[in-house]
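Chemist: let's see this in three dimensions:
(2 chains)
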Amino acid sequence: MIRARLSFLLAVLIPGAVRAQGYRLRVDLRGQAVSYRGVTLDSVPVGDTVPGVGGGPVTPDGIAALCVQGEAYCSFYRPGAPQRSDPVSTTADFTAWGFGLPGLSLHVLARGGADLGDAAVSWPGTTPAVQLLEGYAEYAQPRYVIRLGRQTQAAPIGFTGFDGASATARDARLGLDATGYLGWGLADASALPVTSAALNPLDDFQPVERQLVAGAALGFRSAPFDVRWSYERQVDRRSDYFVSERTRVDAALRPLAGWSLTASGMYDLAQALWGNVDLRLAWQARSGRADAAVGVSRYRPDFDLWTIWGAFSPTAYRSLDGSLDLVPWRALTLHVTGQVYKYDPTGASAPLVDVQSSGWRFAWDGAYTLSARWRLDAGYHAEFGPGASSRGFTGGAAYALGERVNLSAHAGTLDTPLEFRVDDASVWMLGAAVAYRPSGRWSLDADATRYAENRKRPDAAGFDWNQLRLSARVTLYFGSGTGAGGVPAAVGAMPEGPR
Amino acid sequence: MTRALLCALALCFAGAPARAQFDHAKHAKVFPSCVGCHAGVARAGAPLYPDSAACAACHDGTVERRVPYAAPAESLRTNLRFSHLTHVAKAPRAKCVSCHQDADTLWMAVRAPVVSRCLDCHGIRTAHLDAPDTACATCHYPLASAPRLARADVARFPEPPSHRASGFAGGGHGVLANAGTPVAASCATCHSRSFCLECHVDAPERPQIQALAEDPRGDAIAVTLQPPVTHAGADFLRTHGAASRLPSATCATCHTRESCLTCHVATPAVAVALHSAEPGRGAGAQLSRHRPAWHTADFQRHHAPSAETAVQTCAACHTRRDCLQCHRPDAAGAGAYHPAGFLSRHPAAAYSRESSCNTCHNPGQFCVSCHKSAGLVATGTLGSGYHDANRFFLAGHGVAARQSLETCTSCHVERDCLTCHSALGGRRFDPHGPGFDAARMIKKNPEVCTACHGTSIPTQ
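Modeler: Numbering: from 1, shown residues only, chains lettered A, B, ... in the order given. The predicted structure is shown next:
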């Protein structure tokens, strides 16, 4: 019925001359119910404050206060009524083809969202209510692809979104491809332009015009070796100055079956600084029962030149990490990972504040399949580093009720000592989830998790943050043509979590 | 296929309907010949077994006690191709005892015939199940011509050793089936078309399969499609695309178009050439999508180089929507990339960049807006109170700021820092550190310099 209505709608909206012969539509409906601490702005006379645990002024009942020299009152946030957010969103992924020109297709990925909770707060990402993530026409032939419209370049040099054109030419026989793109850019990791007020909640400096984005990439692929060079620049249209200019090289070498060596390096041409660099060696056993990877990397954040942050010389860190996956026997999988890292010298002396310059993180997890129906998993993670640390256990059990219903329960503990504040906390999490896959046409997922927090702060600001978080997701598939199950089941079957 | 032999012969005798057993040895002195009772062995139309009246001639309750005897009323559950009349005609010198008695035993020490006697006479010098694949039909009817065999009987057919040989399931059986009529007839001893349909997607295109009769009992012999050795390599998942385009590729034997689409989100050219699942074709290999071996546990954090160098490989299984699940996360989306409860522990992960947050999260849209709702931003009045574990944090925050500047910007705006770090006023603390290239910055974008220096931008 829904399909018939949709077909009717398409038939009405699209002129007959360009009516598509096939389409796929996936609609994702998601909602959450979340509560979190509320805070109320309050003030206290300067004379009523007392030195707190860290030496700073606090209210008589222990809440940290900000006292500005020369002002009679200090301000602070008092615990307030719990805030409630009920974000809901709908994501529609639509592809149509068969317009009479082989290779021509239309792609739209749009998202609508709103926060149905307290009006005083707005859940991140729900403004504006409708966002177009992608919307482009594509003309694809074996040797080239051309796209026009809002699109993304999913590349490590930057996940760049823009309104414009892109073209890719390729020679599969030689393994060569080349890409170029040009357009008006979107903000990093957002479907909104940099001028959007939604990206500037604190009313900071903000560009007044969208930047121009231009990029190019060249790649070579073969069985044992891949390499790709990419370049991107973003230019402030108002001043013609650079917003960013970066180049990057990625390579992958597979000398022997089961072995791979990948390397990447990014260079910030605008600031003449090396950015992220990564070198990684991975191995997989032929049996598939073990794999391991070890890598060294360097991480340095990139800031656009229309902010002052780049001039503050953010420091890079270098890390060594490794991971090991084992399947000792078929029902058991084990995973261990660890990383140590150390920051480069910052050039800033801080005799009054002791800040860690190195850290580590470690985690293990395992899953045991008791039977075709039961599966257990458990894990532990710990990390210690500058600014913050945490450690905790997680565990869960999943039960397959037939082929269509999957029930699971999960629990976890978390301790989070924070280095720069008196605010240690421990959290218990206990939740349950259900996944229902009645057919290839729709699916339902729901989760309820209770968080119980004990904030170990020795003053009035240490109030707890207990909440019940609910989430639900309904996914609908529509489609026509080959594989009329809509979007291939593979997409729906992809694992949701890291493992 | 010759597994039927042993079973069939067993069934021929042991599988007969239950009845009172006739003790031949006990009657050795009574009967001088076999055909006296088993006339059907030598004379067409005569019964193979005697009538109970024949027994009653002696077992009348007076001379001898009465006995319950009934001649077998049904034909036996067997697929044995055997006729006494034919054998008598072809081998007139053969005697009943040649098959029904062991050598050097007393008269009427009758036993069930053993397969080796059949093999001996037919010149087959092997054990029963080692008989050549051309020989089954010599003694056995095709499965479809043995209607009295139940599914359970078919399921119990023994598997010949030749079928366990390496490569037999993968392609060896096909070579044999192609060899010609004698072999094909032997296959039919145990198999019908429905057996082949347990694996073969291309059954309609295979004349050898189509030559088999359709019989639903055929799939009583359960078979599990095993991946051939060519699929066992660690790199097979990555290299199978190129292999499938070779002229010698035989993907269509076991794979439907749908099996490609289990993983592939587009429809590869090879897949188009495959048959779609439909009645009359085998289901073929049942695939499930799983992480390739090279997607190691930390692949999600380190997939960038692989994705960049060979995005076409990614596109085989992923749509751009998959990328956007994380790179532009859904506002109301439950955790996908991050584990459950990550919100509670994200401060630690964000401080030291377990992964690069702003690859997927716009700081203004996600971090600052949420921190603002929670009172964790600097432009409000909580300010330095957040860093209350250290009284002098503000005075010594430089190291922390340079190490985790991205974290700072999730609560602080540029104006907060310009209060002190500006050449135009305030305390004029120089924020520039190691690696700062003033000349480069001026060349690329001098406007950013004016935020602190106004129009008097130093050249160094």
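Chemist: give me the residues contacting the host helix or strand of B:Ala54.
Modeler: Here B:Ala54 sits within helix B:52-56, counting by DSSP states H and E. With contacts defined as Cβ atoms under 8 Å, 6 or more residues apart in numbering or on different chains, helix B:52-56 is touched by B:Cys37, B:Arg66, B:Val67, B:Tyr69, B:Ala70, B:Ala71. Any C-beta I mention is one placed from the backbone N, CA and C, and that applies to glycine too.
Chemist: just the buried residues of those.
Modeler: Among the contacts of helix B:52-56, those scoring as buried are B:Cys37, B:Tyr69 (criterion: 16 or more other Cβ atoms under 10 Å in any protein chain shown).
Chemist: with pLDDT added, can I get the contacts of helix B:52-56 in a markdown table?
Modeler: Formatted as a markdown table, those follow (pLDDT from 0 to 100):
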| residue | pLDDT |
| --- | --- |
| B:Cys37 | 88 |
| B:Arg66 | 87 |
| B:Val67 | 86 |
| B:Tyr69 | 83 |
| B:Ala70 | 81 |
| B:Ala71 | 81 |
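Chemist: can you say which helix or strand has A:Val400 in it?
Modeler: Not Val; residue A:400 is Ala. Using DSSP H and E, A:Ala400 falls in strand A:389-401.
Chemist: OK, contacts around A:Gln318?
Modeler: Careful, residue A:318 is Arg; it's not Gln. A:Val296, A:Ser297, A:Arg298, A:Tyr341, A:Lys342, A:Asp344.
Chemist: give me the local confidence score for the residue nearest the centre of chain B.
Modeler: In chain B, the residue lying closest to the centroid (Cα atoms, centre = their mean) is B:Gln286, at 5.2 Å. pLDDT recorded at B:Gln286 is 81.
Chemist: neighbours of the closest residue to chain A within the stretch 51-200 of chain B, just the number please.
Modeler: Across the stretch 51-200 of chain B, the shortest distance to chain A (Cβ to the nearest Cβ) belongs to B:Ser166, at 17.6 Å. Using other Cβ atoms under 10 Å in any protein chain shown, B:Ser166 has 8 neighbouring residues.
Chemist: surely it is in a helix?
Modeler: No - secondary structure of B:Ser166 (DSSP: H, G, I helix; E, B strand; the rest coil): coil, not part of a helix.
Chemist: what ranges does the stretch 301-450 of chain A have for its strands?
Modeler: With strands called from DSSP state E, counting those that start in this stretch, the stretch 301-450 of chain A shows them at A:317-329, A:332-343, A:358-369, A:374-384, A:389-401, A:405-415, A:425-439, A:442-455.
Chemist: what's the last one packed up against?
Modeler: With contacts defined as 3 or more Cβ pairs under 8 Å, 6 or more residues apart in numbering or on different chains; DSSP states H and E, the secondary structure elements packing on strand A:442-455 are strand A:425-439, strand A:467-479.
Chemist: now it - C-alpha only, PDB.
Modeler: Extracted in PDB, the C-alpha atoms of strand A:442-455 (Å, rounded to 0.1, in the frame of the first residue of the first chain):
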ATOM      1  CA  TRP A 442      11.300  -2.900   7.500                       C
ATOM      2  CA  SER A 443      13.100  -3.300  10.800                       C
ATOM      3  CA  LEU A 444      12.700  -2.100  14.400                       C
ATOM      4  CA  ASP A 445      15.300  -1.500  17.000                       C
ATOM      5  CA  ALA A 446      14.700  -0.200  20.500                       C
ATOM      6  CA  ASP A 447      16.900   0.200  23.600                       C
ATOM      7  CA  ALA A 448      16.400   1.300  27.100                       C
ATOM      8  CA  THR A 449      19.300   2.100  29.400                       C
ATOM      9  CA  ARG A 450      19.400   3.200  33.000                       C
ATOM     10  CA  TYR A 451      22.400   5.300  34.000                       C
ATOM     11  CA  ALA A 452      23.100   5.700  37.700                       C
ATOM     12  CA  GLU A 453      25.800   8.100  38.600                       C
ATOM     13  CA  ASN A 454      27.600   8.700  41.800                       C
ATOM     14  CA  ARG A 455      29.400  12.000  41.400                       C
END
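Chemist: check which residues of it are buried.
Modeler: A:Trp442, A:Ser443, A:Asp445, A:Ala446, A:Asp447, A:Thr449, A:Tyr451, A:Glu453, A:Arg455.
Chemist: just send the residues you listed back as a markdown table, with pLDDT too.
Modeler: What follows is those, written out as a markdown table (pLDDT from 0 to 100):
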| residue | pLDDT |
| --- | --- |
| A:Trp442 | 86 |
| A:Ser443 | 88 |
| A:Asp445 | 91 |
| A:Ala446 | 93 |
| A:Asp447 | 91 |
| A:Thr449 | 90 |
| A:Tyr451 | 88 |
| A:Glu453 | 85 |
| A:Arg455 | 80 |
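Chemist: got the contact list for residue 38?
Modeler: I'll assume chain A. A:Pro79, A:Gly80, A:Ala81, A:Pro82, A:Gln83.
Chemist: wait, I meant chain B there
Modeler: B:Leu48, B:Tyr49, B:Pro50, B:Cys96.
Chemist: please repeat the previous calculation with a cut-off of 7 Å.
Modeler: B:Leu48, B:Tyr49 (Cβ atoms under 7 Å, 6 or more residues apart in numbering or on different chains).
Chemist: just to revisit the earlier point, what is the nearest of the contacts of A:Gly38 to B:Leu246?
Modeler: Distances from B:Leu246 to the contacts of A:Gly38, taken as Cβ to Cβ, are shortest for A:Gln83 (61.8 Å).
Chemist: returning to that earlier point: for chain B, tell me which of the contacts of A:Gly38 show up nearby.
Modeler: Restricting the contacts of A:Gly38 to those near chain B by Cβ under 7 Å from any Cβ of the partner chain leaves A:Gln83.
Chemist: give me the buried entries from the contacts of A:Gly38.
Modeler: A:Pro79, A:Gln83.
Chemist: from the contacts of A:Gly38, which land in strands?
Modeler: A:Pro79, A:Gly80, A:Ala81, A:Pro82, A:Gln83 (DSSP state E).
Chemist: and the strand holding A:Ala400, does that touch chain B?
Modeler: Yes - with Cβ under 7 Å from any Cβ as the measure, strand A:389-401 is seen reaching chain B through A:Ser389, A:Ser390, A:Gly392.
Chemist: helices or strands up against that strand?
Modeler: Under the contact definition 3 or more Cβ pairs under 7 Å, 6 or more residues apart in numbering or on different chains; DSSP states H and E, strand A:389-401 sits against strand A:374-384, strand A:405-415, helix B:342-351.
Chemist: flag every buried residue along the second one.
Modeler: Right, strand A:405-415. Counting neighbours by 16+ other Cβ under 10 Å, strand A:405-415 gives A:Asn406, A:Ser408, A:His410, A:Ala411, A:Gly412, A:Leu414, A:Asp415 as buried.
Chemist: list the contacts for the spatially most central residue of chain A?
Modeler: Geometric centre of chain A, nearest residue: A:Ala189, 8.4 Å, by Cα atoms, centre = their mean. By Cβ under 7 Å, 6+ apart, A:Ala189 lies in contact with A:Phe159, B:His327, B:Arg328, B:Asn358, B:Thr359, B:Cys360, B:His361, B:Asn362.
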